[in-house]
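Asker: below is the sequence, then the predicted model.
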Amino acid sequence: MDAKQIPRALAEKVWDAHVVRRVSGEPDLLFIDLHLVHEVTSPQAFDGLRSAGRPVHRPDLTLATEDHNVPTLDIDRPIADPVSRIQVEALRKNCADFGVPLFPLGSDDQGIVHVVGPQLGVTQPGMTIVCGDSHTSTHGAFGALAFGIGTSEVEHVLATQTLPLRPFKTMAITVEGDLPADVTAKDLILAVIAEIGTGGGQGYVLEYRGSAIENLSIEARMTVCNMSIEAGARAGMIAPDATTYEYLRGRPHAPTGADWDRAVQWWSSLPTDPAASFDREVVIDAANLKPFVTWGTNPGQGLPLSSSVPDPAQITDPGERSAAERALEYMDLVPGTPLTDISVDTVFLGSCTNGRIEDLRAAAAILEGRTVADGVRMLVVPGSVRVRLEAETEGLDQIFVGAGAEWRHAGCSMCLGMNPDQLAPGERSASTSNRNFEGRQGKGGRTHLVSPQVAAATAVTGRLTSPSDLPDAVSGVPTRA
Amino acid sequence: MKKFTTHTGRVLPLRRSNVDTDQIIPAVYLKRITRDGFEDGLFAAWRKDPAFVLNQPKYAGATVLVAGPEFGTGSSREHAVWALQNYGFRIVISPRFADIFRGNSLKGGLLTVELPDDVVERLWALAESDPAAEVVVDLEARSINFGGESQPFELDDYARWRLLEGLDDVSLTLRHTDLIAEFEVARPAWMPRTVAG
Ligand code: SF4
C-alpha cells in the first residue's frame, strides 16, 4: 500500500492494493474484502461448493440478507409464494451450513443488500466489494471498488475469497458547479447515462468528481454510483473525503481508536493523484442540469422533465431510431407529448437507488399537507428495516400514510417485481428505482424513472410533475438529496 | 465445464438492440434454485407473440443467436446464460455485449462473439433468406465461417484456453492458496469482518 511513482487513479490504487497474483497473459487474482450475498443469485453457488466438498473460505468477510424476493406485507407470516419461500429457505439453510452471517426477514438489520452494507459500516473506502447483483456499484460512493458478479463468480469468491479479473479502464465524469436547487443526484446520474449511453461505460470504472459531486451527501453519492451499471460500467467510484469519514464514524463496523486513525491515513491516500490520467473523460456542467425522467425502455432514454416525448423520425442513427420506435410503442407514447402530460397509476418510492432515509425525507417534505391523487397508488418501501425504523421515529410514515400512500416493509419490492409488488399489464409508474426495461416492474408494466422529489410531486397530481410545478408549492425549496 | 472447440449450427436472427437480462429471463423466473429448467423463461414476454422469431418453426433447433448491440445489459443474473444454454444455444453473436453478461457466459461455456455491425447484418440476412444455412464457429482459429466468408473474432488467449480445455476457475485459483494465505496475513487487522473471530 506504499506510494508508487506512477500517478494513479483511485480505482487503480484500490486494485493494486488487492492483487494476490499477477502473471502476464493471465487475469490478476484480486482479493475480495467483502462479499454480499442474497437469495436469488446464490443457491447454485452454494450447491457448487457442496458438490465439490468445499467450505466457504472466509465466512467472516461474507454477509447475507434477504431482499429481492421477500414480501413487504405480512412479513411475520410464512411467504405465500411457495417458490419464493423455497428460495429464501435455501439461503437460510446455506448460511447455516456454511457459517455465513444472515439477516433474515424480521431481523432489524434486514434490507436491500446495498443499503445494509453501508449502514452497518462494513462498506469502507479502499475495499473490494462484490455481490451477485449488478447494483453493487452503489458501494463505490465510499471509494470502494465494488461491482456485480454472476453466480459462477459468487461460487469462486465463496471458495477462495478472490476473483480472477482483467483490469478495468478508467473514465472520469467531472461535474463542476452547483446543482440547481430542484436538481437531485438521481437527475444527475440519469443525465450522465443519457449522455454516454447504456453501453458507454462498458469495460470502465467511472470516477465521479468535481465540485458538484464533492458537495453531495454520502446517500446522494450512493444514488449516483448505484446507476453506473446503467451506463454499462462495471463500477462507479467517488474519492473518500471528510463527508465519507463523518458518515462512517461510529457505525457498528467502523474502526475505532488507533485503528480509526490508521484507516483514515490509508483512506486519505486513495484519491486520484493530480497527475493521473484517465482512459476517457466526460465533463458535465452542473448548472445546466434539470429534473430528469425516462420516456423509453432503457435508462439511457431520458430527457429533462420539461421536454416532450421525442420523435424517432428525427433520430439519425438507424439502430437508435428503431429502438426508440419500439420503446414508444411499448410505452404507448406519442411523439411530441409534453412529458408532464403523462399520467401514471402507480408511484414507487424505494430501491437501492432511492430507498434511504434522505430519499424518504425529501419525498415526505413534498407530501406533507398534500394528498396522493385519486386513482393513484403510491408504495413507499424503505430500503432497510433500519431506514423504516428511523423514518417512523421522525414521523415520516405518518406523512406518507396521511397523504394516502402505503407504508411497507423493507425489500427490493417493485424495483423488480419478484414479490407480489408488481405493475399490472398496461399500468404506468413513476419509479425511483433504476431500470425501466420492458416488464421490469411486472409483465406489460411501463416505467418512468424519476427522483424521490418528482415521484412525490407526481403522486400528488397523478402525472409526471416537478415539485416546483405543484400548485400550492410549499415555501422554501425541496431538500436536495 | 464442457470443452468447446468448434460448433456448427443454424442462426436465430434477433433484430433487436439493448436486449437486457430482464428480457432474456424476467425476474419471476429466477426463483428456481437449480441451474436447469430456465428455458421456459427465455424471452418469456416476447414469446407471447406468435410472430416472435423464436416461435417461427423454420428456426427451430437454431443454436447460434445473433442479436443487435448492447446484448445482456442490466442485471448480473447468470440465469440469463443458463436460460440460453438450457434452450439449446451454444453461441451468441452481437456487436457489443454488456460486461457482466459476457463474463458470465464465458465462465459457463456459452461462447459470446463480438462482430462488427455489418457482419451481424449479413448474418441476419443469411438466416432470413436461408434459415437452414449453417455457420461454423472455430474457437481454435478464432473465426466464424458462413455464406462463403470467414470472419476473425477476438477473444483473449486466457479465456480461449479455459474454454478449449473446459477448465473452471475455482480449481485454477485453488492452485494458489499459498499466495492467498500470504495476502491474508498482510491485510490490515482493522478491516471489517462480518462475524467476530
Ligand atoms: S432494489 Fe432493485 S436494483 Fe437494488 S438490489 Fe434490489 S432488485 Fe436490484
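Answerer: Thanks, I have it.
Asker: what number of residues lie near the nearest residue to A:Ile218 once chain neighbours are set aside?
Answerer: Spatially, and ignoring its direct neighbours in sequence, A:Ile218 is nearest to A:Tyr247 (4.2 Å; Cβ to Cβ, 6 or more residues apart in numbering or on different chains). Every residue, glycine included, has its C-beta placed from N, CA and C. Residue neighbour count, defined by other Cβ atoms under 10 Å in any protein chain shown, stands at 22 for A:Tyr247.
Asker: so which strand or helix has A:Tyr247?
Answerer: helix A:242-248 (DSSP states H and E).
Asker: tell me the mean pLDDT for that helix?
Answerer: For helix A:242-248, mean pLDDT rounds to 98.
Asker: what's that helix in contact with?
Answerer: The contact list for helix A:242-248 (Cβ atoms under 8 Å, 6 or more residues apart in numbering or on different chains) reads A:118, A:121, A:124-125, A:142-143, A:214, A:216-218, A:221, A:254, A:264, A:267.
Asker: what do you get for stretch B:134-153?
Answerer: B:4-11, B:64, B:91, B:93, B:111, B:113-115, B:119, B:122-123, B:126, B:133, B:154-155, B:160, B:163-164.
Asker: now A:Val122: which helix or strand?
Answerer: Counting by DSSP H and E, A:Val122 is part of no helix or strand.
Asker: that one: what's it in contact with?
Answerer: A:Val122 neighbours (Cβ under 8 Å, 6+ apart): A:Leu34, A:Leu63, A:His253, B:Pro192, B:Thr194.
Asker: quickly find the element holding the residue of the stretch 151-300 of chain A found nearest the ligand.
Answerer: Going by Cβ to the nearest ligand atom, the ligand is nearest to A:Asn226 of the stretch 151-300 of chain A, at 7.5 Å. A:Asn226 is part of helix A:218-226, with elements assigned from DSSP H and E.
Asker: is the very next helix or strand once past that helix anywhere near chain B?
Answerer: Following helix A:218-226 in sequence order, the next helix or strand is strand A:235-237 (DSSP H and E). No. Shown here: strand A:235-237 not in contact with chain B (Cβ under 8 Å from any Cβ of the partner chain), separated by at least 10.1 Å.
Asker: ok now strand A:235-237, how far from the chain's centre?
Answerer: From the chain centre to the centre of strand A:235-237 is a distance of 11 Å (Cα atoms, centre = their mean, to the nearest Å).
Asker: in its sheet, which strands sit next to it, and in what direction?
Answerer: strand A:204-209 (parallel) (DSSP bridges).
Asker: the stretch 101-250 of chain A: helices as residue ranges?
Answerer: Secondary structure of the stretch 101-250 of chain A (DSSP state H, counting those that start in this stretch): helices at A:113-120, A:151-160, A:185-196, A:211-214, A:218-226, A:242-248.
Asker: get me the contact residues on the stretch 201-350 of chain A for chain B.
Answerer: Close to chain B, as judged by Cβ under 8 Å from any Cβ, the stretch 201-350 of chain A has residues A:202-203, A:229, A:232, A:234, A:253-255, A:259-260, A:262-263, A:266, A:297-298, A:319, A:322-323, A:326.
Asker: do that again at 7 Å, thanks
Answerer: A:Gln202, A:Gly203, A:Gly232, A:Arg234, A:His253, A:Pro255, A:Asp259, A:Arg262, A:Ala263, A:Asn298, A:Gly319, A:Ala323 (Cβ under 7 Å from any Cβ of the partner chain).
Asker: a markdown table for those residues, including pLDDT and neighbour count?
Answerer: Below are those laid out as a markdown table (pLDDT from 0 to 100; neighbours: other Cβ atoms under 10 Å in any protein chain shown):
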| residue | pLDDT | neighbour count |
| --- | --- | --- |
| A:Gln202 | 93 | 20 |
| A:Gly203 | 94 | 16 |
| A:Gly232 | 94 | 26 |
| A:Arg234 | 94 | 29 |
| A:His253 | 97 | 18 |
| A:Pro255 | 97 | 21 |
| A:Asp259 | 97 | 14 |
| A:Arg262 | 97 | 14 |
| A:Ala263 | 98 | 22 |
| A:Asn298 | 95 | 24 |
| A:Gly319 | 85 | 17 |
| A:Ala323 | 92 | 25 |
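Asker: double-check that B:Asn104 belongs to a strand.
Answerer: No. With DSSP: H, G, I helix; E, B strand; the rest coil as the criterion, B:Asn104 is located in helix rather than a strand.
Asker: so who does the residue nearest to it when sequence neighbours are not counted touch?
Answerer: Distance criterion Cβ to Cβ, 6+ apart; nearest residue to B:Asn104, sequence neighbours excluded, is A:Gly150 at 3.5 Å. Residues near A:Gly150 by Cβ atoms under 7 Å, 6 or more residues apart in numbering or on different chains: A:Gly132, B:Ser76, B:Glu78, B:Ile100, B:Gly103, B:Asn104, B:Lys107.
Asker: do you know how far the most centrally placed residue in chain B is from B:Leu111?
Answerer: Nearest to the mean C-alpha position of chain B, by Cα atoms, centre = their mean, lies B:Ser105 at 3.7 Å. Taking Cβ to Cβ, to the nearest Å as the measure, B:Ser105 falls 7 Å from B:Leu111.
Asker: do A:Phe437 as well
Answerer: 25 Å.
Asker: try B:Gly147
Answerer: From B:Gly147 to B:Leu111 the distance is 20 Å (Cβ to Cβ).
Asker: more neighbours: those two, which one.
Answerer: Taking neighbours as other Cβ under 10 Å, B:Gly147 and B:Leu111 compare with B:Leu111 leading, 22 against 14.
Asker: pretty sure A:Ile284 sits in a strand.
Answerer: Yes. Counting by three-state DSSP, A:Ile284 is found in a strand.
Asker: and it, how many neighbours?
Answerer: The burial count for A:Ile284: 21, using other Cβ under 10 Å.
Asker: so what pLDDT did the nearest residue to A:Arg280 once chain neighbours are set aside get?
Answerer: Counting by Cβ to Cβ, 6+ apart, A:Arg280 lies nearest to A:Met171, which is 4.4 Å off, once chain neighbours are set aside. A:Met171 is assigned a pLDDT of 98 by the prediction.
Asker: and what of B:Lys3?
Answerer: pLDDT, read off for B:Lys3, is 86.
Asker: how about the nearest residue to it, chain neighbours excluded?
Answerer: Closest to B:Lys3 by Cβ to Cβ, 6+ apart is B:Gly166, at 3.8 Å.
Asker: how about B:Leu106, what does it touch?
Answerer: Taking Cβ under 7 Å, 6+ apart as the test, what B:Leu106 contacts is B:Thr112, B:Ala159, B:Leu163.
Asker: just the residues you listed: which are in helices?
Answerer: Counting by DSSP state H, those place B:Ala159, B:Leu163 in helices.
Asker: quick one: secondary structure of A:Ile68?
Answerer: To be clear, residue A:68 is His; Ile isn't right here. coil.
Asker: over to it: give its phi and psi.
Answerer: phi -60, psi -40 (degrees, to the nearest 10).
Asker: from A:Pro59, how far off is the closest residue to A:Ala263 other than its chain neighbours?
Answerer: Nearest residue to A:Ala263, sequence neighbours excluded (Cβ to Cβ, 6+ apart): A:Pro255, at 4.6 Å. Here A:Pro255 is placed at a distance of 21 Å from A:Pro59 (Cβ to Cβ).
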